[in-house]
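Participant: Okay, structure incoming, though there's no sequence with it:
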């Protein structure tokens, strides 16, 4: 679990782990700087589906800590806006279907 809000894996800002507690006590998201698409965030279980994000729905009541999840969502949205980061919601079928799959890849 992260002791701080974020950890820069290589010290160059290209792979950053950010705390997004609530879904689980140590839930995290991964922010990548990709040459081909820019900054993207792999959201994990921060959001399960796009309407939770676009409609600002409350986190589900089966989260480890619903209030922490809500707070993490606010913090992550502010971060994404400030840093021009696109959030990828892996559980969102339509969005996920558009992403490259192995053996294709992003640079």
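Facilitator: Perfect, I can see it now. These numbers come from a predicted model, not from an experiment. Residues are numbered from 1 along each chain as shown.
Participant: contact partners of stretch 91-107?
Facilitator: Here stretch 91-107 makes contact (CB atoms under 8 Å, 6 or more residues apart in numbering) with 34-37, 45, 47-50, 88-90. Placement of C-beta: from N, CA and C, glycine included.
Participant: can you give me the helices for this protein?
Facilitator: 50-54, 66-83, 93-98 (DSSP state H).
Participant: buried ones in the first one?
Facilitator: The one in question is helix 50-54. 52-53 (16 or more other CB atoms under 10 Å).
Participant: And stretch 62-81, by the same measure?
Facilitator: Buried, per 16+ other CB under 10 Å, within stretch 62-81: 63, 65, 68-70, 72-73, 76, 79-80.
Participant: picking that back up, I'd like to know which of the contacts of stretch 91-107 is nearest to residue 21.
Facilitator: residue 45 (11.4 Å; CB to CB).
Participant: Output the below-cut-off pLDDT ranges for this structure.
Facilitator: Applying pLDDT under 70 to the chain flags the ranges 1-3.
Participant: still on that earlier bit, from the buried residues of stretch 62-81, which single one is nearest residue 12?
Facilitator: residue 79 (18.1 Å).
Participant: Quick one: list the elements packing against the longest strand along the chain.
Facilitator: Scanning the chain for the strand with the most residues, using DSSP state E, yields strand 28-34. Counting contacts by 3 or more CB pairs under 8 Å, 6 or more residues apart in numbering; DSSP states H and E, strand 28-34 packs against strand 15-19, strand 38-42.
Participant: Among the ones you listed, which comes closest to residue 25?
Facilitator: Nearest of the helices and strands packed on strand 28-34 (CB to CB): strand 15-19, 10.2 Å.
Participant: Okay, now the sheet partners of that closest one, with direction.
Facilitator: Neighbouring strands of strand 15-19 in its sheet, by DSSP bridges, are strand 6-8 (antiparallel), strand 28-34 (antiparallel).
Participant: Run through who's touching the shortest one.
Facilitator: It stands for strand 6-8. Counting by CB under 8 Å, 6+ apart, 15-19 sit against strand 6-8.
Participant: Now restrict these to buried residues only.
Facilitator: 16-19.
Participant: If anything else comes up later, I'll come back, but that's it for now.
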